[in-house]
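S.K.: I would like to see how this sequence folds:
(chains A, B, C and D)
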Number of protein chains: 2
Amino acid sequence: MRLLPHPATESIQLTEVLRALSDPVRMEIVVRLAVQVEQTCSNVGEELGVHKSTASHHYRTLREAGVVMTRQVGRLKFMRLRRDDLDARFPGLLDAVLAAALTGAPPQGLPSATAGVPDA
Amino acid sequence: MRLLPHPATESIQLTEVLRALSDPVRMEIVVRLAVQVEQTCSNVGEELGVHKSTASHHYRTLREAGVVMTRQVGRLKFMRLRRDDLDARFPGLLDAVLAAALTGAPPQGLPSATAGVPDA
DNA sequence: CGCATAGTTTTATCATTGTCAAACGATTAA
DNA sequence: TTAATCGTTTGACAATGATAAAACTATGCG
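M.R.: Coordinates of the predicted model:
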C-alpha cells in the first residue's frame, strides 16, 4: 500500500480549493466521497458520465488542490476527502460547501446522492 | 439611481459562486467588500493591479454569479456583497470563505485587508 | 508467461478565461 | 456644447481547461 503525493495541509490554497470545487463533475465526486467515506476511483467514476481519462484528470485536480487523499492498494486507488486537513486550514468551509451541494438540486442531471430518499 | 440586472437568489448556483471566488483578483475584491460594505468600482479597483477593463470583467463575473449587487448613482457604480442572499441560499458558505481569506496569507502580493494590523 | 483490470499519460481538439488596449457610452461639470 | 470622469464593451492574444481516444503502466490472476 502506498500514498500518492499530496500538498501539505499548510500549503493548501483557498482559491485552488474553490477552483477544484467549481466544476460540476468534481463537485459530484466530492459529494459521493462525502456520502461514502472512501471509494475506489472506479466506483466513483462509474456514474459520472465522463470518459475514464477525464475522470482521472478530475481526480488529479482534486488531489493537487488538497481536497482528496489517494492511496493505492494493489490495482485499486482509494480516494477520500481530506476533511480534517481542510477543516484545520479553512474551518467550516467544506461543511458549508457540502451542505449547499447536498441540499441543492443535483448539479446536472446526474443522480443525486440523495436521490430516492423520501422527503420526510 | 438604478439597479443592474442580477440573478434571483434561488437561481444562484453553487459551482458558479465557487468559480467566481476561485480567482485571486476576484477574491481580493470580495475581501475588500467584506471589510467595507459598499464601495465604488473605482475604489475597489484602485489597488488590484489590473487594467480597469480587466477589473470590469471581474465585476461582471461576480455580479452574474450572484456574489455582488451593483447599483448606479450618477457616474458611480457601487458594489456590495449579497450577504443575505448568499446566506439564505448557502448557509455559512460566505462566512467560511471570508474567514479563510482574511486569516490566510494575502493571495498574491496585494496588500491584505489586514495588512498593518499588529499580530497581537 | 500471457491476459485482464485499474487507472494514468499523451495527444489532439475545442471552449473558456484572464489580460490589456482602444473604442465606446453614459453622466457630470465647465 | 465641450470636456472630463467612470466604467463597459470589443477585439486580440496567450494560457488554461474539459473532453475523448489511444497508448501506456502497474498490478493481479491463471
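S.K.: against B:Arg83, how distant is A:Arg83?
M.R.: 26 Å (C-beta to C-beta, to the nearest Å). Quick note: C-beta positions are derived from backbone N, CA and C, even for glycine.
S.K.: I should have written A:Val44 there, sorry.
M.R.: 34 Å.
S.K.: cool, and A:Leu18?
M.R.: A:Leu18 is 18 Å from B:Arg83, by C-beta to C-beta.
S.K.: scan chain A for its longest helix.
M.R.: helix A:52-65 (DSSP state H).
S.K.: tell me the helices and strands packed up against that helix.
M.R.: Applying 3 or more C-beta pairs under 8 Å, 6 or more residues apart in numbering or on different chains; DSSP states H and E, one finds that helix A:52-65 contacts helix A:14-20, helix A:24-35, helix A:41-45, strand A:68-73, strand A:76-81.
S.K.: got the ones you listed as CSV, with mean pLDDT, distance to chain B and mean neighbour count columns?
M.R.: CSV is the format used below for the helices and strands packed on helix A:52-65 (pLDDT from 0 to 100; distance: least, C-beta to the nearest C-beta, whole Å; neighbours: other C-beta atoms under 10 Å in any protein chain shown):
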stretch, mean pLDDT, distance to chain B, mean neighbour count
helix A:14-20, 98, 4, 22
helix A:24-35, 97, 5, 21
helix A:41-45, 92, 18, 18
strand A:68-73, 96, 16, 17
strand A:76-81, 96, 16, 18
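S.K.: who in chain A is up against DNA strand C?
M.R.: For chain A, the residues in contact with DNA strand C (C-beta under 7 Å from any atom of the strand) are A:40-43, A:45, A:52-53, A:55-57, A:59-60, A:70, A:75-77.
S.K.: for the worst-scoring helix or strand of chain A on mean pLDDT, packing partners?
M.R.: Taking mean pLDDT, DSSP states H and E as the measure, the helix or strand of chain A with the lowest value is strand A:2-3, at a mean of 79. Using 3+ C-beta pairs under 8 Å, 6+ apart, the elements in contact with strand A:2-3 are strand A:68-73.
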